[in-house]
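Visitor: One predicted model, sequence on top.
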Amino acid sequence: MVRQLTRMALAEQYTCLEAADAESAYNLLDHEHPDLIVLDWVLPGLSGPNFFKRLQRDRQLGQIPVIIVSARGEEMVRKTASELGVSGYLPKPFNVRALRELVAKIVNQPDESAQSNAA
């Protein structure tokens, strides 16, 4: 449901790719390089934080900004997400407008190392 809401909220302005679980996400990232990842804290197959840590170990994938969404204890998740170094955090259920604004802010940030691909 969150994937569908996220896609509906962003599809007018961005190309959205979806993965139902960690393994599908890794397979997708083998041949796609998105400008941003919206990651659920609770991900089938691997937790969102562990997925993020795995992304960070990869030189190329570690450069992709990540927004974490979560329905779990907001303050604890926000703190952990910040400590991990994610680009953004939204509590679930999230406001569609807040999601759009956060995505636009992150995607439109100047990239110091290279120009960003189209989303």
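Guide: That came through, no problem.
Visitor: OK, contacts around R78?
Guide: For R78, the contacting residues are Y89, P91, by CB atoms under 8 Å, 6 or more residues apart in numbering. C-betas here are computed from N, CA, C, even on glycine.
Visitor: Check what pLDDT the nearest residue to C16 once chain neighbours are set aside gets.
Guide: Nearest in space to C16, with sequence neighbours left out and distances taken as CB to CB, 6 or more residues apart in numbering, is R7 at 4.6 Å. If you check R7, the pLDDT there is 88.
Visitor: what does G45 give?
Guide: Listed pLDDT for G45 reads 85.
Visitor: burial measure for it, as a count.
Guide: G45: 14 surrounding residues under other CB atoms under 10 Å.
Visitor: which parts of the one helix or strand Q4 maps to are buried?
Guide: For Q4, the host element (DSSP states H and E) is helix 2-10. Residues of helix 2-10 classed as buried: T6, A9, L10 (neighbour count, 16 or more other CB atoms under 10 Å).
Visitor: Then stretch 61-73?
Guide: So stretch 61-73, judged by 16+ other CB under 10 Å, has buried residues L61, I64, P65, V66, I67, I68, V69, S70.
Visitor: and what of stretch 22-40?
Guide: Under 16+ other CB under 10 Å, the buried positions of stretch 22-40 are A22, A25, Y26, L29, P34, D35, L36, I37, V38, L39, D40.
Visitor: and these, which two are the farthest apart?
Guide: Using CB to CB, these reach their maximum pairwise distance at A22 and D35, which is 20.2 Å.
Visitor: Turn the buried residues of stretch 22-40 into CSV, including distance to R54.
Guide: Converted to CSV, those look like this (distance: CB to CB, whole Å):
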residue, distance to R54
A22, 8
A25, 10
Y26, 8
L29, 10
P34, 16
D35, 19
L36, 17
I37, 12
V38, 17
L39, 11
D40, 15
